[in-house]
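**Student:** structure, please.
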Amino acid sequence: MGALLAPLVTETRLATQMPVSVPLASPWVAVRQRFRQFHENVNLTLLQKVDGRTKLNGVLSCLNQNYYGHSSEEANGVLIGSWGKDLATRPPRDVDVYFVLPPEVYYRFENRIGNRQSALLQEVRGVLLPTYPSTTIQADRHVVLVSFGSYAVEVAPAFLLTDGSYWICDTEGAGRYKVAYPNEEAKYIQSADLACNGNLRPLIRMLKAWQRFCSVPIKSFQLELVAAEFLLQSPWRLYDYFWFDWIARDFFAHLWGKASTSMIVPGLDERIFLGNDWQSRAWTAWNRAVKACEFDKANLVDAAGEEWQKIFGADVPRRPQWT
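**Tutor:** Residues are numbered from 1 along each chain as shown. Purely as a prediction, here's the structure:
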């Protein structure tokens, strides 16, 4: 099986092929437009971005008023997760944010007995409740979850440390503070995206569509790290959407080979285990992508689209609009 999953790098394709007006006799006539539309379909719309930011701003304003005595909608908020790395997708998911608390709050809770982290999350929840009385607000291990209709805002109370890292709450057991380096993850994605001609973020957004559509049991940040590792060594990393059929196909081969391995987390001197529960789904996706690539090469547009939709769902068009 391993030999079958090797990337098919012996193929050739001119980077100048297939402008939109290309005759149908040219190969790969639908690829560029298909994947361009796919990315547009999974990227957040402007209205969705404004909606998420508006809800986040309201939460930050409330917390700043209580802890700092001003109602800034941005101060002391550090976007993390998909919003912090500019990887958010449709349909909208959570907006994750650290709220940096004053140092005196840490010392105040250190004088308490018991699970201090749980008590801190409950205090933050209590601060938000009067502003959002009809909204479900829950404290959940690391965060306070504010469940709005279109978005949930996940607030992680945090303390900024002198080395630029953060302490965040972990309420498991007796409670503790956990060190986090969210800025290092964001820097890594940004540098890898720049090194790949801006192709990494579109690829990750597309892969999240696969993760959602096929119920792939892999964490998003793990998928992001594997995608960055893969694309940085891909021979197609500097090309445009015309090459995304091969990029997608070869990614699934790369992912398949990462089962039961580990990766270093940017900013942390530790490795995360990737597991293997998702490996069969990567194998299935690779098989379908191989078929789709062959269909696209032969300009069997609908047949290719059907295979891509088996991987990514309806967000990838069966037939691009111009074909």
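
**Student:** so L225, which state does it fall into?
**Tutor:** Classification of L225 by DSSP: H, G, I helix; E, B strand; the rest coil places it in helix.

**Student:** that one and M263 touch, don't they?
**Tutor:** Yes. If you go by CB atoms under 8 Å, L225 and M263 touch, sitting 5.2 Å apart. Every C-beta, even on glycine, is put in place using the N, C-alpha and C of the backbone.

**Student:** anything in contact with each of those two?
**Tutor:** Here L225 and M263 share the contacting residues I272, scored by CB atoms under 8 Å, 6 or more residues apart in numbering.

**Student:** between those two, which is the more surrounded one?
**Tutor:** Of the pair L225 and M263, L225 is the one with more neighbours under other CB atoms under 10 Å, namely 23 against 15.

**Student:** so who does that one touch?
**Tutor:** Shown in contact with L225 (CB under 8 Å, 6+ apart): M263, V265, P266, I272.

**Student:** state the mean pLDDT of the helix of greatest length in the chain.
**Tutor:** Looking across the chain with DSSP state H, the single longest helix is helix 46-68. Averaging pLDDT along helix 46-68 yields 97.

**Student:** next, the buried residues of the very next helix or strand once past that helix.
**Tutor:** Once the chain leaves helix 46-68, the next helix or strand it forms, by DSSP states H and E, is strand 77-80. Residues of strand 77-80 classed as buried by neighbour count (16 or more other CB atoms under 10 Å): G77, V78, L79, I80.

**Student:** equivalent analysis for stretch 257-264, please.
**Tutor:** Using 16+ other CB under 10 Å as the test for burial, stretch 257-264 gives K258.

**Student:** gap between the two ends of it?
**Tutor:** 16 Å (CA to CA, to the nearest Å).

**Student:** how far off centre is that stretch?
**Tutor:** Relative to the centre of its chain, stretch 257-264 is centred 18 Å away, using CA atoms, centre = their mean, to the nearest Å.

**Student:** quick one: contacts of that stretch?
**Tutor:** 2, 5, 222, 225-226, 229, 270-276, 278-279, 282.

**Student:** so what strands line up beside whichever strand or helix holds P157?
**Tutor:** Here P157 sits within strand 152-160, counting by DSSP H and E. Using DSSP bridges, the strands paired with strand 152-160 are strand 95-100 (parallel), strand 143-147 (antiparallel), strand 166-170 (antiparallel).

**Student:** how far off helix 46-68 does it point, in degrees?
**Tutor:** Relative orientation of strand 152-160 and helix 46-68, computed by axes from the mean of the first three to the mean of the last three CA atoms, to 10 degrees: 40 degrees.

**Student:** can you mark which positions in the longest helix of the chain are buried?
**Tutor:** 48, 51-53, 55-56, 58-64, 66-67.

**Student:** likewise stretch 192-199?
**Tutor:** Using 16+ other CB under 10 Å as the burial criterion, the residues of stretch 192-199 that qualify are A192, D193, C196, N199.

**Student:** from those residues, which ones fall inside strands?
**Tutor:** Using DSSP state E, no member of these sits in strands.

**Student:** include distance to Y239 and pLDDT when you put those into JSON lines, please.
**Tutor:** Formatted as JSON lines, the buried residues of stretch 192-199 follow (distance: CB to CB, whole Å; pLDDT from 0 to 100):
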{"residue": "A192", "distance to Y239": "16", "pLDDT": "98"}
{"residue": "D193", "distance to Y239": "14", "pLDDT": "98"}
{"residue": "C196", "distance to Y239": "10", "pLDDT": "98"}
{"residue": "N199", "distance to Y239": "8", "pLDDT": "98"}
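
**Student:** of those residues, closest to W210?
**Tutor:** Proximity of the buried residues of stretch 192-199 to W210 (CB to CB) peaks at N199, which lies at 16.4 Å.

**Student:** run through the residues that contact the closest one.
**Tutor:** Neighbouring residues of N199 by CB under 8 Å, 6+ apart: D193, L231, R237, L238, Y239, D240, F244, I247.
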